[in-house]
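# here is my input; please provide its structure:
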Amino acid sequence: MEGGSTALVALFKDDKVIIGNVGDSRAVLGSSGFAKRITSDHRPSFHSEKLRIEGLGGTVTSQMTKEGDLAFLIVI
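Predicted coordinates:
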């Protein structure tokens, strides 16, 4: 496995912000020298994310890459 996807989008309208993310992208809001994470990573290695994927009828499997990294295959 050599692929993956990640994306982050932010929509600003009037006094509202709508954030969407996929993969291990994250949005951080900074103000007055402080940062606050405002999204959660979507990683299949997280138990809650694996359960969400499986609850939708998908499967999550993992294997080591040639570089020695752990890669996940998600099939829905």
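# who touches stretch 60-76?
Here stretch 60-76 makes contact (CB atoms under 8 Å, 6 or more residues apart in numbering) with 1-2, 4, 43-45, 50, 53-54, 56-59. (Each C-beta comes from the backbone N, C-alpha and C, glycine too.)
# and residue 30, what pLDDT?
We have a pLDDT of 91 for residue 30.
# what's the answer for residue 3, then?
Residue 3 is assigned a pLDDT of 65 by the prediction.
# for residue 70, same thing?
Residue 70 is assigned 76 on the pLDDT scale.
# so which of the contacts of stretch 60-76 is surrounded by the most neighbours?
Among the contacts of stretch 60-76, residue 44 has the most neighbours (other CB atoms under 10 Å), with 20 neighbours.
# look up how far residue 38 lies from it.
To residue 38, residue 44 is 22 Å away according to CB to CB, to the nearest Å.
# any idea where the strands of this protein begin and end?
Ranges of strands in the chain, per DSSP state E, are 7-13, 16-22, 28-31, 34-37, 59-64, 70-75.
# list the strands paired with the fourth one, with their directions.
Note on strand 34-37: by DSSP bridges, its sheet partners are strand 28-31 (antiparallel).
# got the buried residues for the partner strand?
For strand 28-31, the buried set under the neighbour-count rule, 16 or more other CB atoms under 10 Å, is empty.
# follow-up on the earlier one: reformat the contacts of stretch 60-76 as TSV; add distance to residue 73.
Shown next, in TSV, are those (distance: CB to CB, whole Å):
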residue	distance to residue 73
1	6
2	11
4	10
43	13
44	9
45	12
50	12
53	11
54	13
56	15
57	15
58	10
59	8
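# from those, which two are the most distant?
The distance between the two most remote of the contacts of stretch 60-76 (CB to CB) is 25.4 Å, for 2 and 57.
# re the thing from before, out of the contacts of stretch 60-76, which is nearest to residue 17?
The shortest approach to residue 17 among the contacts of stretch 60-76 belongs to residue 43, at 23.3 Å (CB to CB).
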